[in-house]
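In: 3D, please:
(one chain, ligands or ions: 2)
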Amino acid sequence: MQNYFQREIETAPREKILEIQNEKIVKQVKYVYENVKYYRDLMDEKGVTPDDIKSVDDIKKLPLLSKSDLRECYPYGLLATDLKNCVRIQSTSGTTGKRVVAYYTQHDVDLWEECCARAIVAVGGTNEDVCHVAYGYGLFTGGAGIHGGSHKVGCLTLPMSSGNTDRQIQFMMDLGSTILCCTPSYAAYIGESLKEAGYKPEDNKLKAGIFGAEPWTEEMRKHIEESLGIKAYDIYGLTEISGPGVAFECSEQSGMHINEDHFYVEIIDPDTGEVLPEGSKGELVFTCLDKEAFPLLRYRTRDICVLSREKCPCGRTHVKMTKPMGRSDDMLIIRGVNVFPSQIEEVLLKIGNGITPNYQIIVDRVNNTDTFDIDVELDENMFTDDVKSIEKVEKHIVSELRSVLGIGVKVHLVNPKSISRSEGKAKRVIDNRKL
Ligand code: ADP
Ligand code: ZN
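Out: Ligands and ions are numbered 1, 2, ... in the order given. Model prediction:
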């Protein structure tokens, strides 16, 4: 039986969703135009007025916003209401540069937490669950958003925050956590630590995990599901739009439903900014439809994915996005070839056979040529001092990577535990080139 947090809107017919979006966008654009000088200037420059926006079809007439606009407006340049109406500030993780801040009224917090509640219910969460929140608490939106959603569902909420893995495990086992929420890289680390502590996957009471905030592959999903004995679900979001829960996976585990009653989504060509037809791969762009404090219109996420409107067996009617394969900023250009860390993760975990998801990519430039090295950890059982067998495994990884990436790479198998573990977003790449 399917369960929904807000059945009516989550399963609303397409026409109904469009009707809601059309009604909201007209109001939102007028509100932003009247209250945010920065965006009003951009609209004036483009010769667009709120009267030109009569439905979501007209959204493409509006100017695009990017992270550089947010940095320029730091801290309060995009505030759309009096600061006294705001109750919260959060900030991005700063993965790709200077952090940006976002502010929320109580209405905005409620809307965000409702989206997270939808995600928790979609993985089977009820008031009988113990929701173990191991996303970081603080400025990062991961902890706060899921925490609020968990309360709304009525789960027993365990506000662990990230880190102190021994304590995570102790509480998980003692208190019977049933839903684990954290970054996928931290979930893998918790799985590894449970095993080390002598627990088998069936020893814990976990049934599901809600993992997001960074790219992860299907292979990583399998790895986490096996090590924790759970179903692992993806969740997507970004601080600028609210936080986690902008989109979430349902029982089908085949893409994330975007909460279209709150966020209008477009896919654009990242080079030209042109809107691409449905089903194309491109950059996600979001328009907030009903936010008060930080209502971004046409915000470029840099995240690359594909949208699908195929009917979902779960009954939800909101459009689905594929896992972002990484953001355009994550893409490395090595000797002229585009490389995403997620491609490397996929290859490593597919090979399996003692190869762990702990890897680090090191790029440098020597004599005007890019060097490309990957350190990969073997697990304890597979680790050996036998140089011949190590070389054999390394060669195998090199040839698999070459066939996927199209360029040569040096692979180094390293000692178990030698690559530092992440408690939040994993740092997979060390780029020493001075580009
Ligand atoms: P920062 O941009 O500093 O990392 P945030 O903490 O707000 O700031 O993170 C938002 C970004 O995290 C998204 O734009 C996206 O690149 C990434 N992200 C979030 N969830 C996922 C996910 N499920 N899969 C892949 N990437 C994700
Ligand atoms: Zn679904």
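
In: wait, a strand at His132?
Out: Yes - the assignment for His132 (DSSP: H, G, I helix; E, B strand; the rest coil) places it in a strand.

In: what is the burial count for the closest residue in space to it that isn't next to it in sequence?
Out: With C-beta to C-beta, 6 or more residues apart in numbering as the criterion, His132 has its nearest non-adjacent residue at 3.7 Å, and that residue is Ser177. Using the backbone N, CA and C atoms, a C-beta is placed for each residue, glycine as well. Other residues within reach of Ser177, judged by other C-beta atoms under 10 Å, total 25.

In: so Ser177 makes contact with Lys205?
Out: Yes - between Ser177 and Lys205 there is a contact under C-beta atoms under 8 Å: 6.5 Å.

In: and for those two, which residues touch both?
Out: Contact with both Ser177 and Lys205 is made by residues Val130, according to C-beta atoms under 8 Å, 6 or more residues apart in numbering.

In: Glu400: helix or strand, and which one exactly?
Out: Assignment of secondary structure by DSSP states H and E places Glu400 within helix 387-405.

In: quick one: buried residues of that helix?
Out: Burial within helix 387-405, assessed by neighbour count using 16 or more other C-beta atoms under 10 Å, is assigned to 390, 393-394, 397, 401, 405.

In: which other helices and strands does that helix contact?
Out: Using 3 or more C-beta pairs under 8 Å, 6 or more residues apart in numbering; DSSP states H and E as the contact criterion, the neighbours of helix 387-405 among helices and strands are helix 341-351, strand 369-378, strand 410-414.

In: the inter-axis angle of the second one versus helix 387-405?
Out: In this case it means strand 369-378. Orientation note: strand 369-378 sits at an angle of 120 degrees relative to helix 387-405 (axes from the mean of the first three to the mean of the last three C-alpha atoms, to 10 degrees).

In: name every strand pairing with strand 369-378 and say which way it goes.
Out: strand 355-366 (antiparallel), strand 410-414 (parallel) (DSSP bridges).

In: and the gap between Met220 and ligand 1?
Out: Applying C-beta to the nearest ligand atom, to the nearest Å, the value for Met220 to ligand 1 is 11 Å.

In: I figured that residue hits Val347, correct?
Out: No - using C-beta under 8 Å, Met220 is not in contact with Val347; the gap is 11.9 Å.

In: check the offset of the helix holding Glu400 from the chain's centre.
Out: Between the centre of helix 387-405 and the centre of its chain there are 30 Å (C-alpha atoms, centre = their mean, to the nearest Å).

In: show residues contacting that helix.
Out: Outside helix 387-405, the residues within contact range by C-beta under 8 Å, 6+ apart are 337, 339, 343-344, 346-348, 350-351, 353-355, 374, 376, 378, 384, 408-413.

In: if you set the cut-off to 10 Å instead, what comes out?
Out: Residues lying outside helix 387-405 but in contact with it, judged by C-beta atoms under 10 Å, 6 or more residues apart in numbering, are 334, 337-340, 343-344, 346-348, 350-351, 353-355, 359, 372, 374, 376, 378, 382-384, 386, 407-413.

In: give the ChimeraX command for selecting the buried subset of these.
Out: Here is the ChimeraX command that selects the buried residues among these (16+ other C-beta under 10 Å):
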select :334,339,340,343,344,346,347,348,351,354,355,359,372,374,376,378,382,409,411,413
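
In: how about low-confidence regions in the stretch 301-435 of the chain?
Out: Across the stretch 301-435 of the chain, the ranges flagged by pLDDT under 70 are 435.

In: residue numbers of it in contact with ligand 1?
Out: Within the stretch 301-435 of the chain, the residues that sit near ligand 1 (C-beta under 6 Å from any ligand atom) are 301, 303, 323-324, 327.

In: with neighbour count added, can I get the residues you listed in CSV?
Out: Formatted as CSV, these follow (neighbours: other C-beta atoms under 10 Å):
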residue, neighbour count
Thr301, 21
Asp303, 23
Lys323, 21
Pro324, 23
Arg327, 20
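
In: quick check: the farthest pair among those?
Out: Comparing all pairs in these by C-beta to C-beta, the longest separation belongs to Thr301 and Lys323, at 13.6 Å.

In: shared neighbours, those two?
Out: Where contact means C-beta under 10 Å, 6+ apart, the residues bridging Thr301 and Lys323 through contact with each are Tyr236.
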